[in-house]
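>>> Need coordinates for the below:
(2 chains)
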Amino acid sequence: MNLAFGNPALLWGLAAAAIPIAIHLFFRRRPRPTPFPAIDFVLRARRETQRRLRLRKLLLFAARTLLLAAIATAIARPRAEGDRGAAPIAIGPRATAIVLDASGSMRYRLDGSPLFDRARADALEALAALTPEEPATAVVCAPGTPQVEAPGFDRAAVRRVLEAAAPAAGFADLTTCVQAAARALSSSKAQEGLGKRLVVATDLAASAWRLETAAPTVESARGPVRPEVAILDAARGAALPNHAVVGLEAEPDPSAGPRGYRFTATVVNHGAQPVSDLPLSLVVGAGPGEKDAKVAIRAFAEVPAGGAVKKALLHAFPRGGPAAVQVTLPPDGLPQDDARALALDVPRDVRALVVDGAPSPVKYRDEAYFVEAALSSAASPVRPKLVDAEAFPREDLSQFDVVFLLNVRSVAAKGPELARFVENGGGLFVSLGDQVDAERYGHELGAVLPMALHVEKSADQRGAGAAAGAGAGAPGAGGAARFAEVDWSHPALSVFSGEAREGLLGARTSRYVLARPAPRGAEGAAPRVLIAFDDGAPALVEGRRGKGRVLLFTSTADRDWTDWPIRTSFLPAMQRFAAYLTGGLEERRERATVVDVRRTLRLDEGETLAALVGPDGRERRLPELGRTGLQTEGPGAVSWVPPDPGLWQVKVALRGEERVEPRLDFAVWPDARESDTRRLEPSELTAWFGGEGHARVEGESRTAGSRALPLWTILLVLGVAAFFLEGFLLA
Amino acid sequence: MPDTTRRPLLDPAVIARLATLKLRVRAITEGILTGLHKSPHHGASVEFAEHKEYAPGDEIRHIDWKAYGKFDKYYVKKFEQETNLRAYLVVDASGSMGYRGDPARMTKLEYASALAASLAYLLVRQQDAAGLVLVQGDVRQAIPPRAAANHLRLIVDALETRQAEGPTRLSSAVDWIIEHAPRRASVLLFSDLFDAEDRVLKKLAQLGRRKHEVTLFHVLDPAELEFPFDDPTLFLSMEDGRQVEAHGRDVRKGYLELMTRWREEVRRAAAEADLDYALCRTDAPLEDVLLPFLARRNRSAA
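Numbering: from 1, shown residues only, chains lettered A, B, ... in the order given. Here you go, the predicted structure:
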């Protein structure tokens, strides 16, 4: 049983126990001489009570001394730490491996200081307590594979390793670290005869341990044995409640309006008490150095003890382009997981020029009616401008992102400009109709069309008789073509899933134009058939020309040849086509990664990486990045392991100028495993290491192998008892 | 020189109150008092008090011829004023009687002297004879009983000049009275009874067997009765060199038990010996002692 004191400096108070003795010896009141006639009675009374009085005086003296001693000792907060079943003290020197937990949870601040500082102090103290005959080594258990050297006698080197250590943000597997430490203890043949000891300075976070695996052993002359283990609890038995944002997803949500998104945050509570009214904020523009960051939404969450909740936040961005958002909680003991960032590309407004090849005063008979209605719906980012075919030549195509040619007879002199428009990245959607002449299109738009047009085909020609009284070209039942083969993986069509696909597959087309693939050797990439009719004829074909894209729909965009415009799939399809043709559907951004995971950055042609700006606002230039693992992955691609969670910005150099490129911003998330600060029961850990005979947990935790008995309460009870005893004796 | 700090022995207030009472004698005393006392000697002359052998110079008319016929010797009658009560006021003036528990109080000797002087006055006023026996180890002074008014002053002077000293030995007073009081008398003893002799009361009982009427005024200070000592005290004997150190708080209970038990024994022994007993606290007014005593006297005389 060891006796320890919480306030050893206050033990000087024990001197107070000598007060009764001092009073008795030096300050006792001298008796007052008093003549008294009945002295015989006094004599007899004293004689009769002498023995009882002597005993009473002794007890009084003892009670007073005990009272003072008990109070003085209790103030020093003594505790008895029994080492019943503790790890046996090995006879002779021991080789020691000190494992210092440097995982993200060790950044937890308890009583104003990080747990890591306490753990490091404990580790250094354990190192200092070794005798000169005991070799030692240190393992800093950080994310990644631990590197451990065999124990040596260079104590200063081990101290330097511990002093230079810093807690990482990521996950560290302590089981792996102690196993590596055990292997290091076994690695030196010269130390075979020494005892083996592991010292682990950690916060006992359960997520860091894999207790289902075998406990580490060390090699000895008798074979594998369990080492002696001392676990230094940095938290001193205290619980570590923590709340964290462990998930953040963003999806476009038209219900939030144009450029609207639904952000879904997952909040966990790793504490013993439920949390109510936990404030949750969505901060927009949350990059390092962002001056325009503002709280867009404030919400409150109720999170049960040990549970999680999902909270949805809707937000519409005022404009398109790269955006950074962050969901934040009030900081607690572990602030690194109280925020989670996201970088995304908000679709810009798409400027669309819709050329109506067959205008009509009757709305629903107008060639462009359905397309314009689809593109200009409330949630659509497309801003269409409608012109008729005659006004088209006067339009400046550089003012638009995409052009919709709807049953236009001829583009005439606009053809070359249209071709250049597409070559330079513009988008082109072409739908056909009765105004279109295949041969003329071949002359005027052959450079951009993905396929050459051939002949028209109708339902009649497919073998079904026209309904009586129906005019040629009217959509009919029976012989109407259906969309049969659909490339659902295409970004323009991937939005259709489940029952929504029926809105596309149910469309009936009575007439369409057959398209011929371009001959071999033709310029441009091979066309891609996105939708084919049930007879195999292409319905929707994609082509690439230069930087731009072209979509060819081989039927009409109104109800002349097909009923697709009145199907539910038409509106989203047109909007997706517009976005795809302008590049808005491409996922140019990689998803957020977890801290300490290698991430690749892809730069545009001509760009070079100049620096990375961390969440703390500090620039990491190339030399520092090179020292910390920056690797070249190929032309225009580099990879690096971000050490800290948050939003990182990329500074690129282009033609001698450096600038932060928002499209390259990326978010790094904290590892959710480190947010789980629930602690192991010390008895679980000691049991895993081999039981009370091999392991003990030091600190103020109660374990089967180490029992701390607070004596001060017992002393106070004794003091109170002595006080009442004194009163009883005096009475 | 009389101690001017001492209280006057005759408290005028007490005397004023006692002036309305008559002192009565419980039993028949020797001598006959005119109108108030019963004489135990039937047919005796009220004037005649005692015989004395004739000496030249005595008056011939006072020769008792009957006694001559009886004894063939000449005896002269001695005459008293009309009284048959002869009282001996025995005052214990030992060292212990000099104690006062509070500076504002009388010592026990002063108190006893005041009581004795008051009673002497009453007796003399009633033409009873009062005498004084002062005891300090042995009888230091004795004033035979007289009924004369100027005799009272002798008693008072003797009491006033006496300082408390010496051991307590009341048996010497008993012996003296037995020797010097041939006839029945009233013996009024004023003492704290802290006598070295355990059987002092049995000694006093001898007086009762000789037909003396003994009244025991047990004079004690309230400090002796209540023991108000809380601190460590070195108690010093007032009659010898003994001393004992004790913590007042520690011995109080035992002391009080012993004191109470002793007083009960005294009371019982006094009753067994047919001695009249009165406890006199020195903080109690004198009349609280005298009036009950006198009332008892009146009842027994009636």
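>>> Kindly confirm my reading that B:Val187 forms part of a helix.
No - using DSSP: H, G, I helix; E, B strand; the rest coil, the secondary structure at B:Val187 is strand, not a helix.
>>> Check which helices and strands the helix or strand hosting A:Lys57 sits against.
Counting by DSSP states H and E, the element that carries A:Lys57 is helix A:39-75. In terms of contacts (3 or more CB pairs under 8 Å, 6 or more residues apart in numbering or on different chains; DSSP states H and E), helix A:39-75 is packed against helix A:19-26, helix A:711-730, strand B:232-236, strand B:243-247, helix B:248-272. Placement of C-beta: from N, CA and C, glycine included.
>>> got the contact list for the residue of the stretch 51-200 of chain A found nearest chain B?
Of all residues in the stretch 51-200 of chain A, A:Leu53 sits closest to chain B, at 5.0 Å by CB to the nearest CB. Shown in contact with A:Leu53 (CB atoms under 8 Å, 6 or more residues apart in numbering or on different chains): A:Arg46, B:His247, B:Asp250.
>>> So, low pLDDT: which residues of the chain?
You didn't pick a chain, so chain A it is. A:1-9, A:27-28, A:79-91, A:286-291, A:460-478, A:518-525, A:585-590, A:700-710, A:731 (pLDDT under 70).
>>> actually chain B
Along chain B, the parts satisfying pLDDT under 70 run over B:1-50, B:59, B:78-84, B:287, B:298-302.
>>> Where do the strands of it begin and end?
Ranges of strands within chain B are B:48-53, B:75-79, B:86-92, B:129-136, B:138-146, B:186-191, B:213-220, B:232-236, B:243-247, B:276-281, based on DSSP state E.
>>> Now A:Phe61. Nearest residue, chain neighbours left out?
A:Pro20 (5.8 Å; CB to CB, 6 or more residues apart in numbering or on different chains).
>>> So which bits of the stretch 51-200 of chain B are right by chain A?
Within the stretch 51-200 of chain B, the positions adjacent to chain A are B:Gly95, B:Ser96, B:Met97, B:Tyr99, B:Lys108, B:Asp192, B:Phe194 by CB under 8 Å from any CB of the partner chain.
>>> Tell me which of the residues you listed fall in helices.
Per DSSP state H, helices hold the following members of these: B:Lys108.
>>> Closest to chain A out of the residues of the stretch 51-200 of chain B next to chain A?
The shortest gap between chain A and any of these belongs to B:Ser96, at 3.5 Å (CB to the nearest CB).
>>> who are the neighbours in contact with the closest one?
Contact analysis of B:Ser96 by CB under 8 Å, 6+ apart lists A:Pro37, A:Ala38, B:Lys108, B:Ala164, B:Thr168, B:Asp192, B:Phe194, B:Met238, B:Glu239.
>>> right, and B:Val251 touches A:Arg47 too?
No - if you go by CB atoms under 8 Å, B:Val251 and A:Arg47 don't touch, sitting 9.5 Å apart.
>>> So the two - more neighbours on which side?
Between B:Val251 and A:Arg47, counting by other CB atoms under 10 Å in any protein chain shown, B:Val251 is the more crowded of the two (27 against 12).
>>> gap between the more buried one and A:Ala45?
Here the distance between B:Val251 and A:Ala45 works out to 4 Å (CB to CB, to the nearest Å).
>>> cool, and B:Ala87?
For B:Ala87, the distance to A:Ala45 (CB to CB) stands at 38 Å.
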